[in-house]
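> can't give you the sequence, but here's the structure:
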């Protein structure tokens, strides 16, 4: 197979991580694309949950927003926002949370609030949304984001969402029941928490990327697994279905 | 009992300078027409409250109506940044905007507490985050039964909550369905409420398990078909996605935005 983008590799790698999951709390953007691809590929029964209160949404095209009408009309049921957070997310009823961010640090803590100082930011970002509780309560979290020295940083400008805090033991000290980010997928590779330190460690390189490329795009001293593997290239079927999802979205973008 | 008013009268009567004003609707049923009426009536020093302050808050902020915002996610959904919000926070234009920001679950539970008549709500959240360091309405609380450390969020009681719904009947009961967000809680939390509706019907004629807000918890109802445009009303309209995309350019520069405001809000007058 030839001719695929780094974004396609990233999205497909993220969709593979949903194998075996029963339900997934989904944010708009890359996570939503990956989760819908997983449903199309290998997880037809995956229950997609959007924070607008749509549970079991089965969109035929990529939703434009978290409350797209397509999500409501295809959902198993639609509930209020207090119910989605208090009854469904908080008790850990949703297996997997998929998240993105503007900045991440070595312990998979996330910033979606500001670049620069809080009082006088150089870039004001949207803020927390549902991410902090998704990362707290879901038994496991998957993070998908493009990688550069600006996004993979040594120190976050603002800590919006806790991944592993300052490392081993931090989550239980903070009373966070879920495991935390099991995996981080970028456009260069895949990272998993070290079982001792909980630092995100490069475990798989996407096709065409080198360890040097990943180091150059990481703002901290990168840990590399001694069992580093190469990410299997996207298959024809994966690429076909991903491109079909995008195409359906571009020709039918209403609501 | 809810009073049927024109949108102009409803805003004149129930939205005052300095009020805490919640505008709810989670990507669906967003009360845009009411937001524009607030701009036309040149309300000032408002504290805006909204989980997802999207275009409606961008417009109110850019028009100079707000000096504070309580929120949990501020972006143009599916498109990008809110440029007027960013200009206010990053450069203080048209003036500074004080923020009290939360997570969705946190702000939702602030409404739940107020709707329940309680001083605070409790949830498992905020521990160790910078968000909690910048808000005076989040604190830690110890469970008296288990000793567990949890977050407390202060009840949020808006002076007025404004929502858009599909229907009201002639007795002033309100009915909405589809994605209903935090509308019920935000109305029950508030001292007053305004509901704009797509349609006024003789009675609610089917058995769908829709959300009902009885007349006796609503202050004013205004008949404003299309009052949630460019968002949508399930059963009545589709989201105008082109508008959301166009807003990125209309809002980016101050003069382009002010021109839009002049032609699309001020000159438009109070038509209903």
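All right, it came through fine. Being a predicted model, the structure only gives us computed values, none of them experimental. Residues are numbered from 1 along each chain as shown, chains lettered A, B, ... in the order given.
> make it CA atoms for all contacts and neighbour counts henceforth
Noted.
> where's the closest residue to chain A within chain B relative to residue A:63, distance?
Proximity of chain B to chain A (C-alpha to the nearest C-alpha) peaks at residue B:239, 3.8 Å away. As judged by C-alpha to C-alpha, to the nearest Å, residue B:239 and residue A:63 stand 12 Å apart.
> so the nearest residue to residue B:65 once chain neighbours are set aside, which of the three states?
Distances taken as C-alpha to C-alpha, 6 or more residues apart in numbering or on different chains put residue B:44 closest to residue B:65, at 4.4 Å, once the chain neighbours are dropped. Counting by DSSP: H, G, I helix; E, B strand; the rest coil, the backbone at residue B:44 sits in coil.
> How about the contacts made by residue B:44?
Listed by C-alpha atoms under 8 Å, 6 or more residues apart in numbering or on different chains, the contact set of residue B:44 reads B:17, B:18, B:64, B:65, B:66, B:67.
> Could you check how far the third one is from residue B:8?
Read that as residue B:64. 19 Å.
> In terms of pLDDT, where does residue 34 sit?
As the question left the chain open, I've gone with chain A. Looking at residue A:34, its pLDDT is 93.
> that's the wrong chain, I meant chain B
At residue B:34, pLDDT is 98.
> With the one 4 residues further on instead?
The model reports residue B:38 with a pLDDT of 98.
> Go ahead and confirm it touches residue B:13.
No - applying C-alpha atoms under 8 Å as the test, residue B:38 and residue B:13 come out as separate, 11.4 Å apart.
> Looking at the two, which has the bigger crowd around it?
residue B:38 (22 against 13; other C-alpha atoms under 10 Å in any protein chain shown).
> Give me the distance between stretch B:248-267 and the centre of its chain.
Stretch B:248-267 sits 21 Å away from the centroid of its parent chain (C-alpha atoms, centre = their mean, to the nearest Å).
> Not counting its own residues, what contacts it?
Residues outside stretch B:248-267 that contact it (C-alpha under 8 Å, 6+ apart) are B:36, B:37, B:39, B:40, B:62, B:63, B:79, B:80, B:81, B:82, B:83, B:84.
> Repeat the analysis, applying 7 Å as the threshold.
By C-alpha atoms under 7 Å, 6 or more residues apart in numbering or on different chains, the residues outside stretch B:248-267 that reach it are B:36, B:40, B:83, B:84.
> What about these, which are in strands?
Secondary structure from DSSP state E places none of the contacts of stretch B:248-267 in strands.
> from those residues, which two are the most distant?
The largest separation in the contacts of stretch B:248-267, counting by C-alpha to C-alpha, is between B:40 and B:83 at 20.7 Å.
> Among these two, which residue is more densely surrounded?
Set side by side, residue B:40 and residue B:83 give different neighbour counts by other C-alpha under 10 Å, the larger being at residue B:83 (26 against 20).
> The closest residue to the more buried one other than its chain neighbours: how many residues sit nearby?
Distances taken as C-alpha to C-alpha, 6+ apart put residue B:252 closest to residue B:83, at 5.3 Å, once the chain neighbours are dropped. Residue B:252 has 16 neighbours, counted by other C-alpha under 10 Å.
> just the strands in chain A please.
A:23-26, A:47-50, A:54-55, A:77-78, A:96-99, A:103-104, A:110-111, A:114-116, A:121-124, A:140-144, A:181-185, A:189-193, A:200-205, A:223-230.
> Go through these and name the closest to residue A:10.
Of all those, strand A:181-185 sits nearest to residue A:10, with 6.4 Å by C-alpha to C-alpha.
> So for the closest one, mean pLDDT?
On average, strand A:181-185 scores 98.
> same deal with stretch A:244-255?
On average, stretch A:244-255 scores 63.
> cool, stretch B:263-272 as well?
What stretch B:263-272 shows for mean pLDDT is 73.
> need the contact list for the spatially closest residue to residue A:127 that is not a sequence neighbour.
Closest residue to residue A:127 apart from its sequence neighbours, by C-alpha to C-alpha, 6+ apart: residue A:113 at 4.1 Å. By C-alpha under 7 Å, 6+ apart, the contact list for residue A:113 reads A:124, A:125, A:126, A:127, A:128, A:158, A:160.
> For those residues, which single residue is the most surrounded?
The residue in the contacts of residue A:113 with the most neighbours, by other C-alpha under 10 Å, is residue A:160 (28 neighbours).
> can you pull the pLDDT of the nearest residue to that one once chain neighbours are set aside?
In space, residue A:160 comes closest to residue A:111 once its chain neighbours are excluded; the distance is 4.9 Å by C-alpha to C-alpha, 6+ apart. pLDDT, residue A:111: 98.
> partner residues bridging residue A:111?
Beta-bridge pairing for residue A:111 (DSSP bridges): residue A:103.
> Report the separation between it and residue B:263.
38 Å.
> And residue A:174, by the same measure?
52 Å.
> Looking only at neighbour counts, state which of these two leads.
Taking other C-alpha under 10 Å, residue A:174 and residue B:263 do not tie; residue A:174 has more neighbours (19 against 11).
> element containing the closest residue to that one other than its chain neighbours, please.
Closest residue to residue A:174 apart from its sequence neighbours, by C-alpha to C-alpha, 6+ apart: residue B:127 at 5.8 Å. Assigned by DSSP states H and E, residue B:127 belongs to no helix or strand.
> From residue A:171, how far off is residue B:127?
9 Å.
> Repeat that for residue A:113.
21 Å.
> ditto for residue B:196
For residue B:196, the distance to residue A:171 - C-alpha to C-alpha - is 45 Å.
> Can you pick out the residue with more neighbours from the two?
Neighbours were counted for residue B:196 and for residue A:171 using other C-alpha under 10 Å; residue B:196 has more, 33 against 21.
> Which secondary structure state does the more buried one sit in?
Per three-state DSSP, residue B:196 ends up strand.
> Residue B:226 and residue A:20: what is the separation?
Applying C-alpha to C-alpha to residue B:226 and residue A:20 gives a distance of 43 Å.
> higher neighbour count, these two?
Neighbour count, other C-alpha under 10 Å: between residue B:226 and residue A:20, residue B:226 has more, with 22 against 12.
> can you pull the contacts of the more buried one?
residue B:198.
> Ramachandran coordinates for it?
Dihedral angles phi and psi of residue B:226 (degrees, to the nearest 10) take the values phi 70, psi 10.
> mind checking pLDDT for residue A:2?
So, for residue A:2, pLDDT stands at 63.
> again with residue B:63
So residue B:63 comes in at 98 (pLDDT).
> Spatially nearest residue to the residue of the stretch 51-200 of chain A found nearest chain B, not counting backbone neighbours?
The nearest approach of the stretch 51-200 of chain A to chain B comes at residue A:126, 4.3 Å away (C-alpha to the nearest C-alpha). Nearest residue to residue A:126 in three dimensions, chain neighbours excluded: residue B:74, at 4.3 Å (C-alpha to C-alpha, 6+ apart).
> Beta-bridge partners for residue A:183, please?
residue A:142.
> same deal with residue B:150?
With DSSP bridges as the rule, residue B:150 is bridged to residue B:141.
> wait, what's in contact with it?
B:122, B:123, B:124, B:125, B:140, B:141, B:142.
> nearest residue to the second one other than its sequence neighbours?
Distances taken as C-alpha to C-alpha, 6+ apart put residue B:151 closest to residue B:123, at 5.3 Å, once the chain neighbours are dropped.
> count of neighbours near that neighbour?
The number of residues packed near residue B:151 is 20, by other C-alpha under 10 Å.
> and if you look at residue B:64?
Around residue B:64 there are 20 residues (other C-alpha under 10 Å).
> now do residue B:18
Around residue B:18 there are 17 residues (other C-alpha under 10 Å).
> residues touching it, list them.
Contacts of residue B:18 by C-alpha under 7 Å, 6+ apart are B:44, B:45, B:46, B:47.
> And it, which helix or strand is it part of?
Short version, using DSSP H and E: residue B:18 is in no helix or strand.
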